[in-house]
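Q: Build the 3D model from these lines:
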Amino acid sequence: MQEKIGAAPTLVYPESDGEPMAETPRHQQVMIDCMDILRNHFHETPDVYIRGNMLMYYEEGNPRKSVSPDVFMVRGLSKKELRTYKTWEQPPTLDFVLELASPSTFERDFTMKKELYAKILRVKEYYIYDPYHEIEPSFIGFHLVGENYQEITFVNGQLPSEVLGLALRERAGVLRLYNPIKDEWLSTSQERVAAAEAHAEQESHARQEAEAELAKLREALERLQGAE
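A: Numbering: from 1, shown residues only. Have a look, this model is predicted:
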C-alpha cells in the first residue's frame, strides 16, 4: 500500500493580536486623526504608505516576531491594501512611527519597542506621546543615528520631523501636525468638511445680502423714475 504524503502545514501570520485598537477613546482618536491628517497631506504622493494598528512581522517563518505600531509611515510602497505587513515582502525599514503611551505601556515603548525600532526595523524617527500626560516624559521624539536613537530637540514647543517635513505639537492639549513652511495646522477630513461647509454658508449669506441690497437699489431707482 502506497504511503500518502501529507501536505506541509501552512504557516499562518494572524491579522489580529486580539488586543483592542487603543486603550481609551482618546488614544484611539489621536491615532485615527494622525493617520487621517498624514493621508490627506501625502494624498498626491504615490509611494507613501500610512497605516496604524497593523500587525507587522519582521522575521520570516516566525509569526511570534511581530509588533503593531499605533501609526507608521513607510516610503517606497504604493497605497495598496495590506492585511499584514511582512518586512520580507515589503520595504524592511520604516520612516516614521508614533506610539501612544500610557502608564501600562510606556515601559515597553521606551525599552523593547525602542530597541526593536532602532535595531531591527530601522525606524528613522520614533515618537512617543501620552494623551493624558500621565507619564514623564509624555511627549518625546527620537531620530536614528547609526543603530541608536538620539532625542529630537524641541523647537518653539514642537518636535520637527525631517521625514514628514512637518512638526508634531500639541494644539489645545491634543497632538496635531503643523506645517512650518506654510505656517498652518493640518486638519482632519472632518475638520476640512466642516470648514468647507462654513465657508459655503458664509458665501451663501453674503450672496443673499448682496441680492437684498441690489433689490433695494432697484426699488429706489424705480421710485426716482416714477417721480420724474
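
Q: contacts and neighbour counts: CA atoms only from here.
A: Will do.

Q: Tell me the secondary structure at the spatially most central residue of the chain.
A: Residue closest to the average C-alpha location in the chain (C-alpha atoms, centre = their mean): M35, at 2.5 Å. Look at M35: counting by DSSP: H, G, I helix; E, B strand; the rest coil, its state is helix.

Q: quick one: L38 is in a strand?
A: No: going by three-state DSSP, the assignment for L38 is helix, not a strand.

Q: please begin residue numbering at 284 from this point
A: Happy to do that; since the first residue is 284 now, the last one works out to L321.

Q: wait, it sits on Y332?
A: No: judged on C-alpha atoms under 8 Å, L321 makes no contact with Y332 at a distance of 9.7 Å.

Q: For the residue nearest to the centre of the chain, give me its contacts.
A: I333, R334, G335, V354 (C-alpha atoms under 8 Å, 6 or more residues apart in numbering).

Q: where's it relative to S470, distance?
A: 11 Å (C-alpha to C-alpha, to the nearest Å).

Q: quick one, domains of the protein?
A: 308-469, 470-511 (automatic domain parsing).

Q: what bits of the chain have low per-residue confidence?
A: Within the chain, the stretches with pLDDT under 70 are 284-292, 303-304, 477-495, 497, 500, 503-505, 507, 509-511.

Q: That one: strands as residue ranges?
A: Under the criterion DSSP state E, the chain contains strands at 331-334, 339-340, 349-350, 354-358, 368-369, 379-383, 408-412, 422-428, 431-434, 442-444, 449-454, 457-462, 467-468.

Q: can you tell me which residues contact the nearest residue to V446 once chain neighbours are set aside?
A: Of all residues not flanking V446 in the chain, D378 sits nearest, at 6.6 Å (C-alpha to C-alpha, 6 or more residues apart in numbering). D378 sits next to F355, M356, V357, R358, V406, K407, E408, V446 when contact means C-alpha under 8 Å, 6+ apart.

Q: Give me the distance between D378 and A450.
A: Following C-alpha to C-alpha, the distance that separates D378 from A450 is 15 Å.

Q: Also V438?
A: For V438, the distance to A450 - C-alpha to C-alpha - is 9 Å.

Q: neighbours of H416, just the number please.
A: 14 (other C-alpha atoms under 10 Å).

Q: if we can go back for a sec, more crowded one of V438 and A450?
A: A450 (20 against 10).

Q: Identify the bridge partners of that one.
A: P443, Y461 (DSSP bridges).

Q: surely it meets P443?
A: Yes: between A450 and P443 a contact is recorded at 4.3 Å, counting by C-alpha under 8 Å.
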